[in-house]
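*Asks:* Need a 3D model of the sequence below.
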Amino acid sequence: MNTNAVEVRGLNKFFKAHHAVVDVDFDVPAGGSLGIVGESGSGKTTIARMLVGLERPTSGTITVMGRDRSRPARGAKERGTRARELQIVFQDPYTSLDPSQSARAAIEEVLRHHRRDLALTQDLVDQVGLTDRQANARPRDLSGGQRQRVAIARALAAAPKVLILDEAVSALDVSIQAQVLNLLTDIRTQTGIAYILISHDLAVVRQLCDTALVLRRGQIVEQGDCDRILDTPAHDYTRALREAVPVPGWTVGG
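*Replies:* Numbering: from 1, shown residues only. Presented below is the predicted three-dimensional model:
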C-alpha cells in the first residue's frame, strides 16, 4: 500500500534563460513533513508553484494522494479534488486575504466552496487560536501573526491532506514565528496532515520538519533526516547556509 502523500520524480522546470529546477526527486509520507531549503533563486518556490499547479513542469511527475498532477486539471471537478488534497499558505497573508472580508467570512467562503458544514467555522477559528473578536475583524485590524492564522484556517477549511507553507513565517518577528510554528506542530499532531515547508531558515525547518532537502541552483545537494543534515551537513553549501544564520546550540563550521 502506498503511504506517501506526495511523490516527485525527475522534476524539471526550464524558463527561457534559466533552468530553475533540475531532476528533483522526493517523497512526503502521509502525515510527514519535508523542508525544502535554499537561498533566494535556488528553485524552492518554483517547486511549490508546480506542486500547487501555478506552474507546469517541463518534465517529470508529481503525484499527490496517488493522483498525477503533472498535467493541468480537467474541469472544475478535478480542480476541486486537487484543492481538497493540497493547499498552500503564502509568505504575506495580507495580500492573500480579501480586505473586505472578516476572518470568519473568509473561512466560511472556503467551506461553502467545498460543500462542508459551516458549523466547522468555529472549530477552525478555535483550532488556530483566534478569539471571537479577531475572527470578526478584517485583515487591516489584525496583526501579521493573526492574519497568518486566518490564512492557515482558510487553507485547513478545505480539509487538505497536504499543506505547503511557502516562507509562511518569514515575515513575522521571532516571538510570533514561534507561536505560529507551535500552532502548526499541534495541528499536524491533531489532524495527521502532511507539510511541505519552503524556507531559507534552517531553524524553522528544524522545528517543523522530519526530513529536509537542500537546493542549490535548482539541484538537490543533500537530503535526508532533518537533524542529521542540520547537525552534520555533508555539503559545503549546507554548511554555508547554516553558518549564515547563527542559532544558539549549533556549532559553526561542523
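*Asks:* Would you confirm that Ile229 contacts Val214?
*Replies:* Yes: with contacts counted by CB atoms under 8 Å, Ile229 reaches Val214, the gap being 6.8 Å. (Each C-beta comes from the backbone N, C-alpha and C, glycine too.)
*Asks:* what residues are shared contacts of these two?
*Replies:* 222-223, 238 (CB atoms under 8 Å, 6 or more residues apart in numbering).
*Asks:* what sits against Thr185?
*Replies:* 207-208.
*Asks:* Please identify the buried residues of the longest helix along the chain?
*Replies:* Secondary structure of the chain per DSSP state H: the longest helix is helix 174-191. For helix 174-191, the neighbour count (16 or more other CB atoms under 10 Å) marks 176-177, 180-181, 183-184, 187-188 as buried.
*Asks:* mean confidence score for stretch 30-37?
*Replies:* Mean pLDDT, stretch 30-37: 96.
*Asks:* Report the backbone C-alpha coordinates of that stretch in CSV.
*Replies:* Taking Å, rounded to 0.1, in the frame of the first residue of the first chain, the C-alpha atoms of stretch 30-37 are listed here in CSV:
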residue,chain,number,x,y,z
ALA,A,30,1.2,10.7,4.8
GLY,A,31,1.4,12.8,7.9
GLY,A,32,5.0,13.6,7.4
SER,A,33,6.9,16.9,7.0
LEU,A,34,9.6,17.9,4.5
GLY,A,35,11.6,21.1,4.5
ILE,A,36,12.9,22.4,1.1
VAL,A,37,15.8,24.7,1.9
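*Asks:* neighbouring contacts of it?
*Replies:* With CB under 8 Å, 6+ apart, stretch 30-37 has contacts from 3-6, 26, 28, 44, 47-48, 161, 188, 192-200, 202, 204-205, 208-215, 226, 241.
*Asks:* one more time with 6 Å
*Replies:* 3, 5, 28, 44, 192, 194-198, 205, 208-214 (CB atoms under 6 Å, 6 or more residues apart in numbering).
*Asks:* go on, stretch 226-246?
*Replies:* 202, 206, 209-212, 214, 216, 221-222, 252.
*Asks:* Same list, those, but as TSV with distance to Leu120 please.
*Replies:* Shown next, in TSV, are these (distance: CB to CB, whole Å):
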residue	distance to Leu120
Leu202	35
Arg206	32
Cys209	28
Asp210	28
Thr211	31
Ala212	33
Val214	38
Arg216	42
Val221	42
Glu222	40
Val252	47
